[in-house]
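Chemist: pasting the structure only:
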C-alpha cells in the first residue's frame, strides 16, 4: 500500500508476515439482508444459506483474526471502530464492525457492511479488521494490499466480498452484454478451483465495463494466497444471477 493510501485511511494494524489460512468469497447485494428485501427475501434464501455456510466454514478454521475485504472509495484499512448503515436502502439498520463498539466510528462501504452483517449472524466472533480496495486499483496497489492482508495475524482468514458482472440480461443494471456470461463462467471456475492465475489475469477494463465489483477484491485474495505459498483447495457453493448480477459463494482452504 502506498504511503498516501495509509494517510487517507489510517494506520495499519498489520504486523509480521504469516500465512493466510482460509478464505470465503461472498457477494454483497443489499437484498441479502431480509429487512431490505422485504417480501422478496425468500428469492435469495439459497444465496443467504450458502453465504452462512461459507462464513461458518471460515470461522471453523479457528482464525485469530478475520480480514473483511471489499471495494470502497479508497484502498487501505479502515480504522476501528467502524459501522455500516443500510439506511440508503430504506432500512434503519446499523451494522457495527465488531461487538461492543464504544461508538459508530468510521463509515463502512456497502461491501464491508454486508460482510459485517454476515459475520454477525454467527455465534463465533473473532477479532475483525476491515480493508477496502478501490475499484480501479492497479496491479502495484493490489499486490501491496495482498501482502498486508496475508500478514495480519497469527492465523488469518479473509471474508472477501464481491459481485460478478451486472450485465446478464436486458433488465440487468448494466443492461445486456454478451461478454458477461463467459466472464462469470471463468470467475466461477477459478473460484471453484482456487485458480490464482485466472483471477490475477482478470482484465480491469473489461471488468469495469461489465460492472464486476469483485475484480479488485478477488485479485487481492489471489495475491495473498500466492504470497502465503502452498496449495489451495477451492469449492464453489453458489453461482446464480437472479437480477442480472452474478453472485458467487466459495470457500478456500490451504492444503
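Modeler: Thanks, I have the structure now. These numbers were taken from a predicted model, which means no experiment stands behind them. Numbers count the residues shown, from 1 in each chain.

Chemist: the strands in the stretch 101-250 of the chain, which residues?
Modeler: Secondary structure of the stretch 101-250 of the chain (DSSP state E, counting those that start in this stretch): strands at 106-107, 128-134, 156-161, 232-240, 247-254.

Chemist: what about the first one, average pLDDT?
Modeler: It refers to strand 106-107. Across strand 106-107, pLDDT averages out at 89.

Chemist: Figure out how far that strand is from the centre of its chain.
Modeler: Relative to its chain's centre, strand 106-107 lies at 17 Å (CA atoms, centre = their mean, to the nearest Å).

Chemist: residues in contact with the residue most central in space within the chain?
Modeler: Centroid-nearest residue in the chain: residue 161, 1.7 Å away (criterion: CA atoms, centre = their mean). Contact analysis of residue 161 by CB atoms under 8 Å, 6 or more residues apart in numbering lists 25-28, 68-71, 111-112, 114-115, 214, 217. To be clear about C-beta, it is placed using only N, CA and C from the backbone, and glycine gets the same treatment.

Chemist: returning to what we had before: mind checking the strands of the stretch 101-250 of the chain for the one nearest to residue 226?
Modeler: When those are compared by CB to CB, strand 232-240 sits nearest residue 226, at 9.1 Å.

Chemist: Would you mark the buried spots in that closest one?
Modeler: 232, 234, 236, 237, 238, 239, 240 (16 or more other CB atoms under 10 Å).

Chemist: That strand: partners in the sheet, and parallel or antiparallel?
Modeler: When pairing is defined by DSSP bridges, strand 232-240 lines up against strand 247-254 (antiparallel).

Chemist: Now do the strand it pairs with, average pLDDT.
Modeler: Here the average pLDDT along strand 247-254 is 96.
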